[in-house]
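[1] Okay, here's the prediction I keep looking at, along with the sequence it came from:
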Amino acid sequence: MIYDGIVVGGGHAGVEAALAMARMNKNTLLVTGNLNKVASLPCNPSIGGPAKGIVVREIDALGGQMAKSADEGQIQMKMLNASKGPAVRALRAQIDKLKYPKIMLRVLKETKNLTLLEALVDKLIIENQTVKGIILQDGTMIYSQTVILTTGTYLASNILIGKEKTTSGPTGDPTTFGISKQLKELGFEVIRLKTGTPPRIARDSIDYSKMVPQPGDAINHTFSFDEIYYDNNPKELCYLTHTSNQTHEIINLNLGESAMYGGVVEGVGPRYCPSIEDKVVRFSDKERHQIFIEPESMEINEMYVQGFSTSLPRHIQEMMIRTIPGLENVKIIRYAYAIEYDAINPVQLYPTLETKMISNLFCAGQINGTSGYEEAAGQGLMAGINAALSIDGKEPLILQRHEAYIGVLIDDLVTKGVLDPYRLLTSRAEHRLLLRNDNADLRLRDYGYQVGLVDDKTYQRYQDKKKSFDDLVKKAEETKIMPNAENNAYLSQRNSSPIYESVSVADLLKRPEISIEDVMHFIPEYTNEDIIEQLEIKIKYEGYIQKALREAEKMQRLEYKHIPDHIDYLKIKNISSEAREKLNRVRPKTVGQASRISGVNPADISILLVFLESGVLNHGL
């Protein structure tokens, strides 16, 4: 039997890739070492956060699974930056880390066209620079039209605690050496990266009286646009505490014992999620650092010490954790560790996430140098979609930077590559006012429907929502508020100045102190807060949004200027040596992508544009 697609690895990327292909009617095989650990959360027990929470919404808009399963498995949810502008608002949920993989395994088992296999993959079957399937560790050969590698942190991985190095994947699972060895032999640039995780502590050994409770929001949020809320989900508390001077003293006295500072680590660690010893060294002027205590599951007596990732020896972990207020008598259930692993430099991928060197081979997730469950899931979804489209001979789906954070993520990876584990940030998105939490469905639902991941019923609900929004905009523009005593008294209560002539609700909403509550007061027949929120954003930020759209349109002109695959950059005179080297390496598909390559400056782009205009005729490009 020849499968349409084989997905290697059952983490967040693998699950989304396999579900996407199967739901697009492709006969799909998911191979993973332990089916009970599909979509596991080996590090922080949360999904979402700045930028990442919007990625989860985008996955849902495209027809992926993460948002729905997170809604079912969450034990606390809140909207971050709710008091700030709409560009930085994002959902973050604490997830029951034992319940979530069970939810995902149930979904996988219920999905048509999807076969699950518990096994370890040793090698790929490669013929004429094209992948043909996989070889399991027991020698079994399985053939497929496409293969998607979503191996996470399991390639040649080592666990590091102090100067102790153990060959292992996360939480003691087996690692694999065959794939990364073969990738090197095929000519791939394989890089070594590192990440880490903090200790887990006993819930009943914590003195919560010395900490600040951090509740979730009282309002019922959902990642998914289906807005299914699970009433039986608990609303667990997190807690805030801080490191102390004693913590920092212990760390500084024992830096040489750290795997990171003691010379044991080969891989490069994450810049935006540093270990506690790295934070103490890099930010030596800070007297303390925030530590969040977060529940891991309702089924176990474990709490996660957010912000306390370390690779120091166990006995030093015991000493320093007890210097944190509330943790003086804490019991460590599992010690913190660092993990280093193999990945590939993602400049070796097309924007479809297919490798440039081997046809029909796709990569997604941490093998591409990213960190985080959400980044992995977004890549897995896109790899699955594009693998399925390639089998059908259809045009790929490549999301642009102004369309999705997923588009920003993939473009950054394949254009700039990585030196350390990549983390998606709002600051990476130049069009972030367009890429909001509230409008992910408006941006991407049509794409999900076109590729077959959004069903007719869901798509009709989306169409109904768009119509309701259009109707509300019209109603707000047409509804006039008269300058009578009743209305002015109401405005006075809202700390808003009186009106002396009739104004529309839309014009009134331009006032900064007027909010969606006031819209519902003057147009009581509309009660959908999500739609009213979009009206508020549209009106209050209209000028900024239009400016962002114009800038995006300007940038898109360069995205439409395609560069022939066989262009010879050596023939382009006056271009800088660095630009020539980088362009040859990345082989950008468009002038827009070329302009974002580090080391390619505007003068190089101008010369490239001139060359392309003349090259088609004079050089036969």
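    Happy to help now that I have it. Numbers count the residues shown, from 1 in each chain.
[2] give the contact list for T415.
    347, 586, 588, 593, 596-597 (Cβ atoms under 8 Å, 6 or more residues apart in numbering). Where C-beta positions appear, they are placed from N, C-alpha and C, glycine not excepted.
[3] Of all pairs in those residues, which one is the farthest apart?
    Distances among the contacts of T415 were taken as Cβ to Cβ; the most separated pair is V347 and R596, at 11.8 Å.
[4] Mutual contacts of these two, please.
    Each of 415-416 lies in contact with both V347 and R596 under the rule Cβ under 8 Å, 6+ apart.
[5] Which one of the contacts of T415 is nearest to P524?
    R596 (48.2 Å).
[6] That closest one and G417 touch, don't they?
    No - under the criterion of Cβ atoms under 8 Å, R596 lies out of contact with G417, with a separation of 11.7 Å.
[7] neighbour-wise, which of the two wins?
    With neighbours defined as other Cβ atoms under 10 Å, R596 and G417 compare such that G417 has more, 23 against 18.
[8] so that one makes contact with N345?
    Yes - using Cβ under 8 Å, G417 is in contact with N345, at 4.9 Å.
[9] What is the end-to-end distance of stretch 295-304?
    In stretch 295-304, first residue to last residue: 6 Å (Cα to Cα, to the nearest Å).
[10] how about that stretch: buried residues?
    Within stretch 295-304, the residues that qualify as buried are 295-297, 302-304, counting by 16 or more other Cβ atoms under 10 Å.
[11] And for stretch 130-137?
    Neighbour-count burial for stretch 130-137, counted by 16+ other Cβ under 10 Å, picks out 131-135.
[12] Return the member of those nearest to T171.
    Proximity of the buried residues of stretch 130-137 to T171 (Cβ to Cβ) peaks at I134, which lies at 24.1 Å.
[13] Mind pulling the model confidence for the closest one?
    At I134, the pLDDT value in this model is 98.
[14] try Q214
    pLDDT for Q214: 97.
[15] what's across from it in the sheet?
    C238 (DSSP bridges).
[16] switch to numbering from 27
    Understood, numbering begins at 27; the last thing we discussed is Q240.
[17] Am I right that S270 is in contact with R348?
    No - here S270 does not reach R348: they are 10.2 Å apart, not a contact under Cβ under 8 Å.
[18] So which elements touch the helix or strand harbouring K492?
    K492 belongs to helix 482-504 when elements are defined using DSSP states H and E. Under the contact definition 3 or more Cβ pairs under 8 Å, 6 or more residues apart in numbering; DSSP states H and E, helix 482-504 sits against helix 466-477, strand 529-530, helix 531-534, helix 555-566.
[19] Which of the three states applies to the residue nearest the centre of the chain?
    Among the residues of the chain, the smallest C-alpha distance to the mean C-alpha position (Cα atoms, centre = their mean) belongs to E401, namely 2.7 Å. The three-state label given to E401 by DSSP: H, G, I helix; E, B strand; the rest coil is helix.
[20] what separates E639 from G404, distance-wise?
    Here the criterion is Cβ to Cβ, to the nearest Å. By it, E639 lies 36 Å from G404.
[21] now swap in A108 and tell me
    24 Å.
[22] Could you do T381 as well?
    Computed as Cβ to Cβ, the T381 to G404 distance reads 18 Å.
[23] So between these two, which is more surrounded?
    Using other Cβ under 10 Å as the criterion, T381 and G404 rank with G404 on top: 33 against 23.
[24] what's near enough to touch that one?
    For G404, the set of contacting residues under the criterion of Cβ under 8 Å, 6+ apart consists of 42, 81, 84-85, 431-432, 435-436.
[25] where are the low-confidence patches of the protein?
    Along the chain, segments meeting pLDDT under 70 span 285-293, 295-298, 641-647.
[26] So for T452, what's the nearest residue that isn't a sequence neighbour?
    Counting by Cβ to Cβ, 6 or more residues apart in numbering, the nearest residue to T452 once its immediate chain neighbours are dropped is A77, at 4.8 Å.
[27] so the one you found makes contact with R462?
    No - shown here, A77 and R462 do not form a contact pair, counting by Cβ under 8 Å, at 11.2 Å.
[28] Tell me the residues that contact both of the two, please.
    Going by Cβ under 8 Å, 6+ apart, no residue sits against A77 while also sitting against R462.
[29] my guess is L209 meets F203, correct?
    No - contact status for L209 versus F203: not in contact, 11.0 Å apart, counting by Cβ under 8 Å.
[30] Just give the number of residues close to K500.
    11.
[31] Relative to I507, how far out is it?
    K500 is 16 Å from I507, where distance means Cβ to Cβ.
[32] And for G222?
    Separation of G222 from I507 (Cβ to Cβ) stands at 57 Å.
[33] So which of the two has more stuff around it?
    More neighbours surround G222 than the other of G222 and I507, with 25 against 20 (other Cβ under 10 Å).
[34] my read: that one touches Y361, true?
    No - taking contacts as Cβ under 8 Å, G222 lies outside contact range of Y361: 11.3 Å.
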